[in-house]
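Q: coordinates only, sequence not included:
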């Protein structure tokens, strides 16, 4: 791949603890991940550049594999950008990988899929160490029945019932490639992989799955809620701190150099 043409476009893989941020997207007078990245780029290059993200995570949501892009006149190599940006970024944000991409690369539209993990601490007592990264559920969860409900989610469906608000396009059909619940000791993990997601889709899905796992909602009712295609019907959403953007996938011509 040809790395740099003026203006160069750089793609970064970003990991962050979203606990102290009002989401990824820039907001006036509020701390955001985007604002921190743009300030670091300004310090490294002397340029004021807009950063575009593959997924706009909400307040309190974390990321292990967020992907962003920006344009620059800088001749710095991807590896140098990693080191230089990490020097200026706060400790709860880090660049994990970088590469040069073509001028027509679109960090959102070119993504083939996105992977989210939601972590549930299924315990009678709270965990001071896990509280920022998992949702506490005291009642025992039946993960087998939760996985039965997950089977309804896989494939192409209208997920309006799992959305909190509608985008400008108002298209609520998404293709879910994987929906699965696993349990290791008292940590329950829900993984969802799809071409893209509606606003609060994962958190609303988890909220409903938790009620299924606790025996408060049956499989038939779960399916009825899904088929109703009624905005917000699956809510309330699970808390933000359990959600993590694990990975954004692209075609093989985008190679991120760590």
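A: Looks like it arrived, so ask away. Because the structure is a prediction, the values reported are computed rather than measured.

Q: Let's see the pLDDT reported for residue 7.
A: In this prediction, residue 7 carries a pLDDT score of 77.

Q: Just list whatever residues bridge to residue 174.
A: Taking DSSP bridges, one obtains residue 157 as the residues bridged to residue 174.

Q: what's around it, how many residues?
A: Other residues within reach of residue 174, judged by other CB atoms under 10 Å, total 19. Backbone N, C-alpha and C define where each C-beta goes, glycine included.

Q: go on, residue 177?
A: Under the neighbour criterion other CB under 10 Å, residue 177 is assigned a count of 16.

Q: next one: residue 7
A: Around residue 7 there are 13 other residues, counting by other CB under 10 Å.

Q: do the one 10 residues further on as well
A: If you count neighbours by other CB under 10 Å, residue 17 ends up with 19.

Q: From residue 117, how far out is it?
A: Taking CB to CB, to the nearest Å as the measure, residue 17 and residue 117 are separated by 14 Å.

Q: What segments of the stretch 1-150 of the chain are strands?
A: Applying DSSP state E, counting those that start in this stretch to the stretch 1-150 of the chain gives strands spanning 8-16, 52-53, 62-72, 93-101, 113-122, 135-137.

Q: gap between the second one and the chain center?
A: The chain centroid and the centroid of strand 52-53 are separated by 12 Å under CA atoms, centre = their mean, to the nearest Å.

Q: can you check the third one too?
A: Mean-position distance between strand 62-72 and its chain equals 11 Å (CA atoms, centre = their mean).

Q: Can you list the buried residues in it?
A: In terms of neighbour count (16 or more other CB atoms under 10 Å), strand 62-72 has its buried residues at 62-63, 65-72.

Q: go on, stretch 235-245?
A: Per 16+ other CB under 10 Å, stretch 235-245 contains these buried residues: 235, 237-245.

Q: Now do the spatially closest residue to residue 110 that is not a sequence neighbour, the pLDDT please.
A: In space, and not counting its chain neighbours, residue 110 is closest to residue 250: 6.0 Å by CB to CB, 6 or more residues apart in numbering. Confidence at residue 250, expressed as pLDDT, is 93.
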